[in-house]
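S.K.: Have a look; sequence and predicted model below, questions after that.
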Amino acid sequence: MKKGKKIKKPENQQQLTEFASSILRKQFRFSDWFAEQIIRFIAFMSITIVALIFIFVFRETIPVFKSNDLPESLVETSGSTEAMRPEVYDPEADETAMKPETYGIDVEELPTLTSEEDSFSLQEPAVGETKKKKAVSTLLTKDWLPVSDYPRYGLIPLFLGTFKVTLIAILFAAPIAILAAIYTSLFASRKVRDYIKPAIELLAGFPSVVIGFFALMVLASFFQNIFGYSGRLNAFVGGIAMALAAIPVIYTLTEDALTAVPGTYIEASLGLGASMRQTAFQVVLPTATPGIFAAILLGIGRVFGETMIALMATGNAALITLNPFDSVRTLSATIGAEMAEVVFGDTHYSMLFLIGSLLFVFIFSLNAIAEFYFRDRIIKRFQGK
Amino acid sequence: MNRTTKDILIKSLTAVCALMILFITVAILAISIAGGWKHLTWEFITEFPKEGMTKGGIFPAIVGTALMTLIMTIAAVPFGTITAIYLAEYASEKSVIAKTIRFAVKTLAVVPSIIFGLFGLGFFIKFIGLQLDNFFFKGELHWGQPNILWASLTMALLTLPIVIVSVEESIRTVPKDMREASLALGASKWQTIRQVVIPGSLTGILTGTILAISRGAGEVAPILFTGAAYYLAELPHSLSDQFMSLGYHVYIMSTQSTNVDDTLPIQFATTLVLLLLTFSLSLVAVVLRYRIRKKVK
C-alpha cells in the first residue's frame, strides 16, 4: 500500500473511498482466467472418463441383444430339416443372401455335426423347443459353454461362483480387518500403531498377481494338507487369497470411520467409569457402524471385481455347487481368461462385455450406496441427528 | 469372568488380528524371497528368455514394465495433478460440479481393473485405434490392435484416482497463510498456485507418482488384452508394438507353463523382482506420506 500512497495521496473521504475501491477491485487477468478454464476442463475429464467407460463397455454388449446366431444352431439342434430354416429366419434371409459365401460354409459344416446335434437335443429337449431363441435367452441356463458347438451363455454358475468366493473372502477378511482397526485406532500405543499401519498399507501395495501366485504356490498346498480335498485350486483357496486383497481396503476405511468418532464420546464414556474395551465396543463401534458397513461394501467390491487372483487360484471351472471346496469360475476371471481367445465382434465377445457391464453396474451401485447412503448417516449422527 | 480379564482377552484378540495381517505381509515377502533369491542373478535380470522360457532372464519384461509405467506416468500425473488443483483450489466444497467430480474419481478408484481392460479394448483399440487406421493407414491394421500405448493409457486411467487423492491431500497441507500472503502481495490466483501451492505440495505429487507407478507396475488385468504379450524376441521399438510385462509374465508362467519343474525358479524370481519393485516403491511412498501427515499435525 505504501507505493500507492506515494503515487496518489487521497485528500478527502470521497477520494479515499474511490482509491480504496479502485485498488481492491478484482482485475481481470487473461492468463488467470485462461488457466482456470483449462484446469476446470481437465477436471471435468474425470467425469467424462466414467461416462465413456459406461458408454463403451455397454456399446460392445449391444450385439448380444440383436444377435441371432444362436437360434440357427439351436433350431438345427432339434433335428430340423433344411426346409424349416427359412420359416424361422425370414428376417435373416436377406442378410444371408447378401453373404452367400459365409452362409455356404455354415451349410457345409452342418452335416458333419448332425449326429451330435441329435444326441444333444435328446439330452436337453427344452432348448430345442424354443425355435426363435436369441443369445440373451440362454443367459439363465445352467451352463457356461461359450465355445461348444451349441454355445450357451448361462450366467448362473458364474454368478454363483463369484458370490461364493466373495462370501468366503468377506467372512474371513471383515472380522480380521475390523478387529485390527479397533486395535490400532483405540487400544494400541502410538508407537505400535506407527508400525502396524504402514505395514498394512504395504500389503495394500502388493500386486494382486503376487497374491495370486502366493495362493497358487503356498496357500493351495497348505489348505490341501489341512482339509484333504482333491482339487488344489477351489473357491476356498481363492476366497482366502482375495481376503488378503480385501483386508487393507476394509481396514483403512474402518480405521477412518473409527478415528472420525469425536473424542468427546470416548472421554464421556471413560469418565463414566467404562473401560476402554467397553468404550470401544459399546460407544465407538456403534457410532462408526455406517462407516464400517461402507468399508465392508467396498471390500465386497474389491473382491467381486478381482481378476488375477480369481484366474490363478479358483480353478476356473464353472460348476453349480455350494461346496466351498469345489472349483469355481468368477465373472471377472471369465472375462480375463476368454477375452484373449475370442473373435472380435462375435456373440461370445459381446457376451464378455455384457459380463463386464454387469460387473460395472454392480460395483458402481455398491460405491454409490457406500458413498451417499452411509456417509449421510454418519454426518447426521455426528451432527446430533 | 470379571471385567479386567474380559478386557485383556478382547484386547489381545484384536491385537492378534492386527499381528496376523502383519504376519501375512511378512510371510508373502519372506516366501517370495526364499523361493526366488537363488535364481535372482545379474544374468536373470539382463537376459532374454531362452529355450521356451525355461531358461534365461526376464530383461524384456522389465523393460516393458518400465516403458509402460513411464508412458502411464506422463499421461496420469499432469492430468491428476491438475484435477487435484481444481478440487482443492477452485471448486467450492458444496458445488454440485465438485461433488460430481469427486464421485467420478471415487468411482474410478473402485472400478475393477478388468473393466479398464474392457474399456481399453472397446475405446482405445476398437474405437480410436480403428479410426486412426482408417484415416491414416487406409484401414491397414496399425493402431487398431493391442499395443504399449493403449495399455499405458488404460493403466493411466486406473492410476488417475491415486494421483488425484494424494496430490489433493498434500495441497491441503499448504498453509492458508502462505496463499493469503501471496495474494496480498498482488499475485493472481494462478500465480499463487503456480509459485506457492505447487512447490509446497511437490512431496505429495511425488508420493502420488510413486504410488501410481507401484500400482501400474503390478496390475495385470487391464493389460491382459490391451497390449501385453507372452513372449517377444525384441524390445518394443515404437508405441504401436506389444510389450512384455513382469506381472503378466508371472501370471502366464504360473498358470500356462507346461514345464513346471524347470520354470518354478523363474516364476519365483520374477515374482520376487515384481514384489521388490512395487514394495520398495510403496515403502518410499508410505514414508513420504507419513511425513506429509506429520507436517499437518
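M.R.: Okay, I see it. Numbering: from 1, shown residues only, chains lettered A, B, ... in the order given.
S.K.: so where's chain B shaky on pLDDT?
M.R.: Low-confidence regions of chain B, defined here as pLDDT under 70, cover residues B:1, B:296-297.
S.K.: Could I get the full set of strands for chain B?
M.R.: With DSSP state E as the criterion, chain B has strands at B:49-50, B:55-56.
S.K.: any residue of the longest helix along chain A up close to chain B?
M.R.: When chain A is scanned for its longest helix (criterion: DSSP state H), the result is helix A:30-59. Yes - with CB under 8 Å from any CB of the partner chain as the threshold, helix A:30-59 lies in contact with chain B, specifically through A:31-32, A:35-36, A:38-40, A:42-47, A:49-50, A:52-53, A:56-57, A:59. The C-beta positions use only the backbone N, C-alpha and C, and glycine is treated the same way.
S.K.: Tell me the buried residues in the very next helix or strand once past that helix?
M.R.: Next along the chain after helix A:30-59, taking DSSP states H and E as the criterion, comes helix A:62-66. Judged by neighbour count using 16 or more other CB atoms under 10 Å in any protein chain shown, the buried positions of helix A:62-66 are A:63-64.
S.K.: And for the residue lying closest to A:Met339 once chain neighbours are set aside, the neighbour number?
M.R.: Excluding the flanking residues, the one nearest A:Met339 by CB to CB, 6 or more residues apart in numbering or on different chains is B:Phe225, at 4.8 Å. By the other CB atoms under 10 Å in any protein chain shown criterion, the neighbourhood of B:Phe225 contains 24 residues.
S.K.: just to revisit the earlier point, just the buried members of the residues of helix A:30-59 next to chain B?
M.R.: Burial by neighbour count, judged by 16+ other CB under 10 Å, picks out A:32, A:35-36, A:39-40, A:42-47, A:49-50, A:52-53, A:56-57, A:59 from the residues of helix A:30-59 next to chain B.
S.K.: what sits against the residue in the stretch 151-297 of chain B positioned nearest to chain A?
M.R.: The nearest approach of the stretch 151-297 of chain B to chain A comes at B:Gly218, 2.5 Å away (CB to the nearest CB). Under the criterion of CB atoms under 8 Å, 6 or more residues apart in numbering or on different chains, the contact list for B:Gly218 reads A:205-210, B:247, B:274, B:277-278.
S.K.: could the strands of chain B be laid out in CSV, adding distance to chain A and mean neighbour count?
M.R.: As requested, these are arranged in CSV below (distance: least, CB to the nearest CB, whole Å; neighbours: other CB atoms under 10 Å in any protein chain shown):
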stretch, distance to chain A, mean neighbour count
strand B:49-50, 18, 16
strand B:55-56, 20, 14
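S.K.: Show me what the longest helix of chain A is packed up against.
M.R.: Contact partners of helix A:30-59 among helices and strands, from 3 or more CB pairs under 8 Å, 6 or more residues apart in numbering or on different chains; DSSP states H and E: helix A:347-368, helix B:59-85, helix B:96-110, helix B:113-119, helix B:148-173, helix B:189-192.
S.K.: most tightly surrounded among these?
M.R.: With neighbours taken as mean count of other CB atoms under 10 Å in any protein chain shown, the helices and strands packed on helix A:30-59 reach their highest mean count in helix B:113-119, at a mean of 27.
S.K.: right, is it up against chain A?
M.R.: Yes - using CB under 8 Å from any CB, helix B:113-119 reaches chain A at B:113-119.
S.K.: returning to that earlier point: quick one: which of the helices and strands packed on helix A:30-59 is nearest A:Val192?
M.R.: When those are compared by CB to CB, helix B:148-173 sits nearest A:Val192, at 24.2 Å.
S.K.: Turn the helices and strands packed on helix A:30-59 into JSON lines, including distance to B:Ala269.
M.R.: Rendered in JSON lines, the data for these read as follows (distance: least, CB to CB, whole Å):
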{"stretch": "helix A:347-368", "distance to B:Ala269": "33"}
{"stretch": "helix B:59-85", "distance to B:Ala269": "11"}
{"stretch": "helix B:96-110", "distance to B:Ala269": "32"}
{"stretch": "helix B:113-119", "distance to B:Ala269": "25"}
{"stretch": "helix B:148-173", "distance to B:Ala269": "24"}
{"stretch": "helix B:189-192", "distance to B:Ala269": "50"}
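S.K.: among those, which is nearest A:Thr141?
M.R.: Ranking the helices and strands packed on helix A:30-59 by proximity to A:Thr141 (CB to CB) places helix A:347-368 first, at 12.6 Å.
S.K.: After that closest one, heading C-terminal, what element do we hit next?
M.R.: Sequence-wise, the next helix or strand downstream of helix A:347-368 (DSSP H and E) is helix A:375-382.
S.K.: Can you name every helix or strand that that following helix contacts?
M.R.: helix A:285-305.
S.K.: is the helix it packs on anywhere near chain B?
M.R.: Yes - figure legend: helix A:285-305 in contact with chain B (CB under 8 Å from any CB); contacting residues A:298, A:301-302, A:304-305.
S.K.: what's the closest of these to chain B?
M.R.: Top of the list for closeness to chain B, among the residues of helix A:285-305 next to chain B and by CB to the nearest CB, is A:Gly305 at 2.3 Å.
S.K.: OK, contacts around the nearest residue to the closest one once chain neighbours are set aside?
M.R.: What sits nearest to A:Gly305 in space, not counting adjacent residues and going by CB to CB, 6+ apart, is B:Pro112, at 2.3 Å. For B:Pro112, the set of contacting residues under the criterion of CB under 8 Å, 6+ apart consists of A:301, A:304-307, A:332, A:359-360, A:363, B:221.
S.K.: let's see it at 6 Å
M.R.: Going by CB atoms under 6 Å, 6 or more residues apart in numbering or on different chains, B:Pro112 touches A:305, A:332, A:359.
S.K.: Check the gap between it and A:Leu366 for me.
M.R.: As judged by CB to CB, to the nearest Å, B:Pro112 and A:Leu366 stand 11 Å apart.
S.K.: State the phi and psi torsions of the residue nearest to A:Gly305.
M.R.: Here the main-chain torsion angles of B:Pro112 (degrees, to the nearest 10) amount to phi -60, psi 150.
S.K.: Just give me the neighbour total for the residue lying closest to A:Ile296 once chain neighbours are set aside.
M.R.: Of all residues not flanking A:Ile296 in the chain, A:Ala174 sits nearest, at 5.4 Å (CB to CB, 6+ apart). Neighbour count for A:Ala174, taken as other CB under 10 Å: 21.
S.K.: mind checking pLDDT for A:Ala174?
M.R.: What the model reports as pLDDT for A:Ala174 is 95.
S.K.: and the one helix or strand it maps to, which residues are buried?
M.R.: Using DSSP H and E, the secondary-structure element containing A:Ala174 is helix A:156-182. Within helix A:156-182, the residues that qualify as buried by neighbour count (16+ other CB under 10 Å) are A:157-158, A:160-166, A:168-170, A:172-174, A:176-182.
S.K.: Stretch B:194-211 too?
M.R.: B:196-198, B:200-201, B:203-211.
S.K.: chain center to that stretch, what's the gap?
M.R.: Using CA atoms, centre = their mean, to the nearest Å, the mean C-alpha position of stretch B:194-211 is found 17 Å from that of the whole chain.
S.K.: cool, and stretch B:205-214?
M.R.: With CA atoms, centre = their mean, you get 8 Å for stretch B:205-214.
S.K.: close to chain A, is the lengthiest helix in chain B?
M.R.: Taking DSSP H as the assignment, the helix of chain B that covers the most residues is helix B:260-296. Yes - remark: helix B:260-296 sits within contact range of chain A at B:271, B:275, B:278, B:282, B:286, by CB under 6 Å from any CB of the partner chain.
S.K.: Tell me if I'm right that A:Gly238 and A:Ala313 touch.
M.R.: Yes - judged on CB atoms under 6 Å, A:Gly238 makes contact with A:Ala313 at a distance of 4.3 Å.
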